[in-house]
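*Asks:* sequence? don't have it. structure:
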């Protein structure tokens, strides 16, 4: 849900939500959970429920404590539409905080300003759906697509920063103090050029090598996120 949610607030649900409620065959006696990205789940009861409209009242608020303490910013090169959609969806599930689509020298897809707006709306729908599915209460942010060098400048203040490359030695090592924020940069289908790798390294990035096999861009992205969440985040928790 967009906007502020408070206890006792009555909310007219959007039509697409009402359609989903009808598919689930919910009744007026049922309750539903709402979220608006502020880190809480809100329990709501129906005041009335009809085929094309529904009014609910917020009756409870609970903090959701399932966010990773590691804030990951993913610089993801634009790749084939369905594969980029997959990365967006799985990045949400893996706990990424911020995604910045980037244009690189080997990027094969360019968008007009009008197309960018359409794409962002499409990706935002995927993000919301994946957030609901994974029970996150904070919505991953997605930025306007940027040129590679612009994106490097945008994350200049974040440390550590990593760039995936199958042709360079892996420099993923213990970062010393606890890592609370990092950047992962992933190339397109044709990979990064040598210039781009060198430029990233000059701007504070370390290279990561994910094994001895060449991965597709979407596989590399999800594998890289998983490795970093396992090493610095909450993907591999010690069970007490």
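*Replies:* Nice, I can see it. Computed from a predicted model, the values in this text were never measured in an experiment.
*Asks:* the protein: helices as residue ranges?
*Replies:* 15-24, 81-93, 113-134, 148-154, 194-202, 217-232 (DSSP state H).
*Asks:* quick one: closest of these to residue 61.
*Replies:* In terms of CB to CB, the element of the helices of the chain nearest to residue 61 is helix 113-134, at 17.4 Å. Any C-beta I mention is one placed from the backbone N, CA and C, and that applies to glycine too.
*Asks:* that closest one - contacts with which helices or strands?
*Replies:* Under the contact definition 3 or more CB pairs under 8 Å, 6 or more residues apart in numbering; DSSP states H and E, helix 113-134 sits against helix 81-93, strand 141-142.
*Asks:* dump those to CSV, plus mean neighbour count and mean pLDDT.
*Replies:* Output for the helices and strands packed on helix 113-134, formatted as CSV (neighbours: other CB atoms under 10 Å; pLDDT from 0 to 100):
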stretch, mean neighbour count, mean pLDDT
helix 81-93, 19, 97
strand 141-142, 18, 96
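*Asks:* now for those, which one comes closest to residue 31?
*Replies:* When the helices and strands packed on helix 113-134 are compared by CB to CB, helix 81-93 sits nearest residue 31, at 24.7 Å.
*Asks:* same for that closest one, what does it pack against?
*Replies:* Taking 3+ CB pairs under 8 Å, 6+ apart as contact, the helices and strands that helix 81-93 lies on are strand 71-77, strand 98-103, helix 113-134, helix 217-232.
*Asks:* can you tell me the centre-most residue of the chain?
*Replies:* Nearest to the centroid of the C-alpha atoms of the chain, with distances taken as CA atoms, centre = their mean, sits residue 92, at 3.8 Å.
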